[in-house]
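Enquirer: Here is my input, please return the structure:
(chains A and B)
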2 protein chains.
Amino acid sequence: MAMPKGAQVFPRSEYLRRLSAVRSEMERREVEALVVTTPANITYLSGYTSKSGYVPQGLVVSLKDEEPTFITRRMDSPAAIHQMFIDRNQVIGYPEALIANPDLDGYDVIIDFILDKGLDRKGIGLETKFLPASTVEKFKSRAAGAKIVDCTNAVTWIRGVKSDLEIAMMREAAAISDGGMLRAKEVIGAGVREADASAEIIATLVRGANGKPGTDVASFFLCSTPRTSTCHIRWTEEVFQQGSQVNLELSGVRHGYTCPLMRTMSVGKPSDHIRRLHEGEVAGLEAALAAAKTGKTCSDVAIAFNTALKKHGFEKESRCGYAVGIDWTEPTASLKEGDATILKPNMTFHLMLGNWIDEDVGYVISETFRVTDAGGEPFTKVPRELFEV
Amino acid sequence: MAMPKGAQVFPRSEYLRRLSAVRSEMERREVEALVVTTPANITYLSGYTSKSGYVPQGLVVSLKDEEPTFITRRMDSPAAIHQMFIDRNQVIGYPEALIANPDLDGYDVIIDFILDKGLDRKGIGLETKFLPASTVEKFKSRAAGAKIVDCTNAVTWIRGVKSDLEIAMMREAAAISDGGMLRAKEVIGAGVREADASAEIIATLVRGANGKPGTDVASFFLCSTPRTSTCHIRWTEEVFQQGSQVNLELSGVRHGYTCPLMRTMSVGKPSDHIRRLHEGEVAGLEAALAAAKTGKTCSDVAIAFNTALKKHGFEKESRCGYAVGIDWTEPTASLKEGDATILKPNMTFHLMLGNWIDEDVGYVISETFRVTDAGGEPFTKVPRELFEV
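Expert: From the prediction side, this is the model:
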């Protein structure tokens, strides 16, 4: 029996629209074939979220075919047939002999496909930054008739502006993020192990909200006293103490789409210093959202945040956010001074105001928002509080 | 106040032993400085498990210094001071201006460090396969006096043989894997949402076992009817039905160390075909473990498995396992015919017998084992059953 198609996350017309935007960019860059290897970009153009990206795979978009072709490890092709909007014949599984093989790998099959289809006469687009040097070399030597064009982030920039269907998906993820944060407020307390609280919060993120489950576990960080100046530790084996501060970063996931959220909690009364920092950061958050209007730049948003924060006597060294969507960070626009990216409606950003000031002081708050003509519209609803638990 | 050192996972002598093995390999390859960028290798040589590897970072091992130097984003340096066994002065945080900067990045700081220390007169080792082509080029042009030596997997091969301390850590992870699988048996049933079962299982993996919590969420897959021929789908929004088959792959995590485990469950009676496949695979599993003795090769283990499975009328296309440890797969030895790697005591493998035969048939069972003189010794204790739930 053949693998049936699964429930499709978006209608076919949505994928064709996305592909059409990609083809325009391909024409501009004079490439006949674009090999998409970044998992988030493959998700964007096909609906595929299966986690096979640890071995070579590529979605080949050509100028002439309406549907792209996905070349993946044979054992992953049923998942591609199930999840992707494309015809099952557009999924090519390569044999297992190419795994852990020093001479040939899945990229050779992608090159074979391009050569067979005669797509090597002009330009071939590659996301070179995310490929090993040896793979880029292989394309250059085996497809010697084509110019290899660096298309790193070409698709990533296109997915920067979300459709209304994508915004709806991010709202679903946001409701899950809210649920996770409210659960954190309930389960964090003196005498509780960090791991036990984390288990409850993560389970809430998987169960989801409003009848829509989380479809993946996104990166989750819980950095508590004395680790509040760290930002990427999962959790530890320790127990919360009276007076512990807890910095949380989490996100619900819906079919790849994330909606990150950060809050700081205090077991008992927070210090005056942290309370003042919180007030400055909330003022900065509100100023940044007000500035994030269509036509403004990323730099304008960062300046608004930095100015408001400075009025409260604080500074933040790191950028105050980045483009966000499928698989969290989009490595394109940054909310930092000097980033001239012009804001368009439905661009989405994680306004990430984590501020790790010194080895013993760190505080986090964040919201994910979409750009509108009236300013940044947050997806999540959790109050902007320094929660006392 | 300065960031305190956290509880150290291994004694200093253990890290110095590992570094000494790395230095011998460096001498053999004629490199004065080795830049370790793969997160699992950084964990191995320092105890660092914070998730900062999405931006440039590197642990620089030199022939002359006892402790390596870690160069990381400024905001991640407190986590490094807290978790790593090295002196706090061996952690260098680079400024935020190098993030999302097209001209300069963290690798420039690593190169500056190497040039300043005069480590560019002979060879510089890089894990080139895991670096962007542009980064390798940057090392070649900026450290023009040195030969850039490809050291991909040099450290990974060294960590292939575990110490007794590492084996003890993997046993802790195994106990968590067992707990997760037994919890799956309890929560999977007709009418239950896949996501709700997944939430319970994942929470169990985080809570841990024997008072030792999971320290991370490893990759988790639940592929149920009609998706049993897929292997890398997390779970879906659907509900288990009477007659559903459920293929599970999970692992507990202890300080980076994983111990993967796979089992197949059936909601109600499994089909005769799956039962026969199960019997063949268990026979193959036992034959493989018996063959996995010190001095045999990876190929011998694969042949033992394949022969036993064939006697039951089945075949498996993919390799029957791979080296495993920190962050799951070690991309070195494979349990496949033709892999001449000689088994040494305390090498550890995931004997991964997932068999995705056709678009409608897939079955999974696996165990993680260590090599001993008497054969493969499994870490987990869950019975080798096709669980009827």
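Enquirer: Which helix or strand contains residue A:30?
Expert: Here residue A:30 sits in a region with no helix or strand, counting by DSSP states H and E.
Enquirer: which of the residues in stretch A:239-259 are buried?
Expert: Residues A:240, A:244-259 are the ones in stretch A:239-259 that count as buried (16 or more other Cβ atoms under 10 Å in any protein chain shown). In short, each C-beta sits where N, CA and C put it, glycine included.
Enquirer: Check stretch A:281-296 too.
Expert: Buried-residue list, stretch A:281-296, by 16+ other Cβ under 10 Å: A:281-289, A:291-293, A:296.
Enquirer: In helices only, show me those.
Expert: Applying DSSP state H to the buried residues of stretch A:281-296, the entries found in helices are A:281, A:282, A:283, A:284, A:285, A:286, A:287, A:288, A:289, A:291.
Enquirer: Neighbours of the nearest residue to residue A:12 once chain neighbours are set aside, how many?
Expert: The spatially closest residue to residue A:12, leaving aside those adjacent along the chain, is residue A:85, at 5.4 Å (Cβ to Cβ, 6 or more residues apart in numbering or on different chains). Neighbour count for residue A:85, taken as other Cβ atoms under 10 Å in any protein chain shown: 22.
Enquirer: looking at it, residue A:9 is touching residue A:44, isn't it?
Expert: No. Using Cβ atoms under 8 Å, residue A:9 is not in contact with residue A:44, being 11.1 Å away.
Enquirer: Comparing the two, which shows the higher neighbour count?
Expert: residue A:44 (27 against 19).
Enquirer: Surely that one is in a strand?
Expert: No. According to DSSP: H, G, I helix; E, B strand; the rest coil, residue A:44 belongs to no strand; its state is helix.
Enquirer: Setting aside sequence neighbours, what's the nearest residue to the residue nearest the centre of chain A?
Expert: For chain A, residue A:328 is the residue whose C-alpha lies nearest the centre (Cα atoms, centre = their mean; 1.7 Å). Nearest residue to residue A:328, sequence neighbours excluded (Cβ to Cβ, 6+ apart): residue A:258, at 4.8 Å.
Enquirer: For that neighbour, give me its contacts.
Expert: Residue A:258 sits next to A:170, A:173, A:218, A:251, A:252, A:324, A:325, A:326, A:327, A:328 when contact means Cβ atoms under 8 Å, 6 or more residues apart in numbering or on different chains.
Enquirer: pLDDT score assigned to it?
Expert: Predicted confidence (pLDDT) for residue A:258: 98.
Enquirer: now residue A:359
Expert: Residue A:359 carries a pLDDT value of 88.
Enquirer: Closest one to residue A:14 out of the buried residues of stretch A:281-296, please.
Expert: Of all the buried residues of stretch A:281-296, residue A:292 has the smallest distance to residue A:14: 25.2 Å, by Cβ to Cβ.
Enquirer: In space, what's closest to the closest one - neighbours in sequence excluded?
Expert: Per Cβ to Cβ, 6+ apart, closest to residue A:292 is residue A:376, 3.4 Å.
Enquirer: gap between the one you found and residue A:320?
Expert: The gap separating residue A:376 from residue A:320 is 12 Å, by Cβ to Cβ, to the nearest Å.
Enquirer: Pull up the overlap in contacts between those two.
Expert: The contact sets of residue A:376 and residue A:320 overlap at A:288, A:301, A:351 (Cβ under 8 Å, 6+ apart).
Enquirer: will you turn those residues into JSON lines that also has pLDDT and distance to residue B:310?
Expert: Shown next, in JSON lines, are the shared contacts of residue A:376 and residue A:320 (pLDDT from 0 to 100; distance: Cβ to Cβ, whole Å):
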{"residue": "A:288", "pLDDT": "98", "distance to residue B:310": "64"}
{"residue": "A:301", "pLDDT": "98", "distance to residue B:310": "63"}
{"residue": "A:351", "pLDDT": "98", "distance to residue B:310": "58"}
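Enquirer: Output these in a markdown table; the columns should cover distance to residue A:385.
Expert: What follows is the shared contacts of residue A:376 and residue A:320, written out as a markdown table (distance: Cβ to Cβ, whole Å):
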| residue | distance to residue A:385 |
| --- | --- |
| A:288 | 18 |
| A:301 | 23 |
| A:351 | 16 |
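Enquirer: List just the nearest of the residues you listed to residue B:342.
Expert: residue A:351 (54.4 Å).
Enquirer: The closest one in helix, strand or coil?
Expert: Using three-state DSSP, the three-state assignment for residue A:351 comes out as strand.
Enquirer: Domain-wise, how is chain A divided?
Expert: A:12-158, A:164-388 (automatic domain parsing).
Enquirer: Tabulate these in a markdown table, adding columns for distance to residue B:265.
Expert: Converted to a markdown table, these look like this (distance: least, Cβ to Cβ, whole Å):
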| stretch | distance to residue B:265 |
| --- | --- |
| domain A:12-158 | 19 |
| domain A:164-388 | 18 |
